[in-house]
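*Asks:* sequence first, then the predicted structure, then my questions.
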Amino acid sequence: MQTRHQDPELLLPLTPAVFHILLSLVSGDHHGYGIMQEVNGSTEGKFRLGPGTLYRSIKQMLAQGLIIEWDERPDPALDDQRRRYYRLTNFGQCVLAAETERLEHVLQVARAKQRGLAQNHQPAGEAAHG
Amino acid sequence: MADPSKRIIAVSEHLYQQLLGAYPAAFRHQYGAQMTQVFLDCCRAAYQQSGTRGVLQLWIPALGDLLSNAIAEHVSMLIALFHAPRRLVFQRQGGPMLHITNGDSVGGTLRQTGLPGAIVIWKDILHEGPTPAGLSLGQMSQLRAQFLADCALGRYEEVLADFLSRDTTLAQFAAHQEVILWFEHDLYDQLQLIQLLDWFSQQDRTTSTITLICINAFPGIAHFLGLGQLNASQLRSLYETRRPLTEEIFRLGSEAWKAYCSPDPKALEDFLQKDTSVLPFLKAALLRHLEQFPALQGGLSRTERQILEVVASGVHTPLEIFRATQEQEESPFLGDTPFWLYLSGLCTGRKPFLKRADGGTFSLPTADSHDPAFREQVLALTEEGQNVLVGQADWIKSKSGIDRWLGGVHLQGQEAAWRWDTRLATLVQPQGAA
C-alpha cells in the first residue's frame, strides 16, 4: 500500500484549478459537474474549469491523496451511478489550509507594497498635510 | 421532427467523444466517460440559457481545454517514459534464456536455481479492473498502471515504469534462444499466461523456442498453492518438465485473452464451450472469474459473499477473514492487498454490509498488513449484510448502482447488465438492466 503522509508545504503553490477544486469540496462531496458549478458560483463566473482541466486535476489530486473517490451519494434516488463523487481527505484539508496561509501572506505583501506605491505618488502638498 | 435541442446536444456529444481520441488511451479509459458526461451537462445548461448559439459558444473554450490538456497529458506520459528505462539494465543482462514468472518470490527462488538467463516478473492483478479489447501491450500497461494507482496500490509513475521495463524486456525476447514461462493453475496466473500467449501469437517466433511450465501440484506438497512454495531445488526439477508451446496453444491462449477482454461476457462463455484441454487449468480459472460477476440473488461477487459468510460464522479480524476465505477457494488467486479493497468496499456506501464493531471507520493498512491499527479492527455484519445472506437484500440496490470492470466488461448503471446465476452457472441479463 502506498503511504501518503507528507509535508503539505511540498505541494505548494497549488494551481488555481486544484485550489478551487479543494475549496469546492469543503462544503461536501461533489461529482465533476457539481465541482464545476461550485467553482463557477464561488468565483462569480470569473474562473471557469473545463472538463479536461477538471479531470487532469482530479487525477493528480487522487494520486497525491488530496481527495478520494467516494461511493456514498447524497441523494441516490436522483442520481446517476455513472457519476463519481469526490471527497476531501484530511491531508487535502491540510494542504488547502497551507495554501490559504501562503496566499494570505502574498496578499499582505502585495497590499503593503501598493500602500507604499500610493504614498510615493501622492502630491508633495498632500504628503505634507498627511 | 427531431427536437433541435436533442440534435445539437447529440451532435456535440458525438464530436466530443471523437476528440477525446487526442488523449492517451489510459487517461481516456479512466476519465473519458466522465468528461463527456460533464460536457453534456454544460451543453444542456448552455442550451437552456441561450439555445443553439449557447451550445456553439461553449465549444470555443471546450476545444482549447480539450486540446491543451491532451497535449499536457501526453507530455506527462513522456516524462514517465523517460524515467522508465533506467530500470532495464539488470534485466537486459540475459543470456540464452528468458524466464517469465508470476511474482517476486518465485523470481527470487529462480535466481537461486543456477539456471542462467534474465527474469521478468509479470505481476499484474488482471482479475481486478479494466482490460478492454483492442489495446496494444503498451496501451494496456498505461491503463493498468492508472488503475492500480487509482486503487492506491502504487504510484502511477513507478508502476508504469515497472510495466514498461517488463514490456521492453519482453520485446527483446528474440535475443534469447529460449523463453520459459513459469506459471501455476489459478486465475491470477492463467490470466497472465493468456495475455502473454496472445502477445507471443502476434510475434515472429522463428528465432526462439517458447516453453511452458504450468502446474497445479507438486510431489510431497499436500496443499499446493503456487510456485512460491517451492525451494530452489524443487523449482529446478521442474525445468526438465518444460514443454514447447504449439501453434494450437498460442491460438487458444490468444482466443481466451480476446474473449476475456471482450465487452460482451458471452464471448467468454462461448469460449468455454471449446475444448481447452491443451491448457488444462484455463477453464476452471475463467469460470472462477465469471463467479466474480454480481450474483443474480444478492448482487455480490463470490469473493464478497464468502467474506460475509465468514464473518457471519464468527471470524472478525481482517487477516483471519482473508485466511478463512482463501480456504473456501479451490485455487486461491487473490492476494491480501486487493483483498483489503473488497473488505473496504463492503464497509462503505449508503447501506454498508460490514461495519467496525466499535463504530469506527474501517481503515486500510498504511504501509503493510502488519500494522496493528489495521490488524486489530473487528468487523461485524450490518443488518443489511445479514439480510443479504438470507436473500432479503441486494448489494447493487444498496449501493444505488454499480461501476465495476470485470476484464473487458464494464458493468455500469443502476443495474448490472449481467449477473451470475449461481444455480445454473451462467450469466444472465436481469430485467431492468440497461
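*Replies:* That came in fine, so what should we check first? Numbering: from 1, shown residues only, chains lettered A, B, ... in the order given.

*Asks:* got the domain ranges for chain B?
*Replies:* Following automatic domain parsing, one gets these domains for chain B: B:4-85, B:93-263, B:291-428.

*Asks:* chain center to the longest helix seen in chain B, what's the gap?
*Replies:* Using DSSP state H to define each element, chain B has its longest helix at helix B:25-83. Distance of helix B:25-83 from the chain centroid (C-alpha atoms, centre = their mean, to the nearest Å) equals 27 Å.

*Asks:* swap in stretch B:200-212?
*Replies:* 25 Å.

*Asks:* mean confidence for it?
*Replies:* The average pLDDT within stretch B:200-212 is 93.

*Asks:* stretch B:406-425 too?
*Replies:* Averaging pLDDT along stretch B:406-425 yields 95.

*Asks:* once you drop chain neighbours, what's closest to the residue of the stretch 1-150 of chain B found nearest chain A?
*Replies:* Here the stretch 1-150 of chain B gets closest to chain A at one residue, B:D65, 2.7 Å apart by C-beta to the nearest C-beta. Every residue, glycine included, has its C-beta placed from N, CA and C. The spatially closest residue to B:D65, leaving aside those adjacent along the chain, is A:G50, at 2.7 Å (C-beta to C-beta, 6 or more residues apart in numbering or on different chains).

*Asks:* got the contact list for that neighbour?
*Replies:* Going by C-beta atoms under 8 Å, 6 or more residues apart in numbering or on different chains, A:G50 touches B:P61, B:A62, B:G64, B:D65, B:L66, B:N69.

*Asks:* measure the residue lying closest to the first one once chain neighbours are set aside to B:G138 for me?
*Replies:* Pointing back at B:P61 there. Distances taken as C-beta to C-beta, 6+ apart place A:G50 nearest to B:P61, at 6.0 Å, with adjacent residues excluded. A:G50 sits 28 Å away from B:G138, going by C-beta to C-beta, to the nearest Å.

*Asks:* could you pull out the helices for the stretch 51-200 of chain B?
*Replies:* Counting by DSSP state H, counting those that start in this stretch, the stretch 51-200 of chain B has helices at residues B:88-92, B:104-112, B:137-150, B:156-171, B:187-201.

*Asks:* next, count neighbours for residue 10.
*Replies:* In the absence of a named chain, chain A is used. Residues lying near A:L10 (other C-beta atoms under 10 Å in any protein chain shown) number 9.

*Asks:* the intended chain is chain B.
*Replies:* 14.

*Asks:* what is the host helix or strand of it packed up against?
*Replies:* Assigned by DSSP states H and E, B:A10 falls within helix B:4-19. Based on contacts counted as 3 or more C-beta pairs under 8 Å, 6 or more residues apart in numbering or on different chains; DSSP states H and E, the elements that helix B:4-19 packs against are helix B:25-83.

*Asks:* helix B:137-150 and the helix it packs on, what's the angle between them?
*Replies:* Helix B:25-83 and helix B:137-150 are oriented at 100 degrees to each other (axes from the mean of the first three to the mean of the last three C-alpha atoms, to 10 degrees).

*Asks:* all the strands of chain A, residue numbers only.
*Replies:* For chain A, the strands defined by DSSP state E occupy A:30-31, A:67-70, A:85-88.

*Asks:* given the first one, what are its sheet partners and their directions?
*Replies:* This points to strand A:30-31. Applying DSSP bridges to the sheet, strand A:30-31 is found paired with strand A:85-88 (antiparallel).

*Asks:* tell me the contacts of the nearest residue to B:D124 once chain neighbours are set aside?
*Replies:* Closest residue in space to B:D124, ignoring its immediate chain neighbours: B:R144 at 5.6 Å, by C-beta to C-beta, 6+ apart. Applying C-beta under 8 Å, 6+ apart to B:R144 gives the contacts B:D124, B:L126, B:G129, B:P130, B:T131, B:V159, B:F163.
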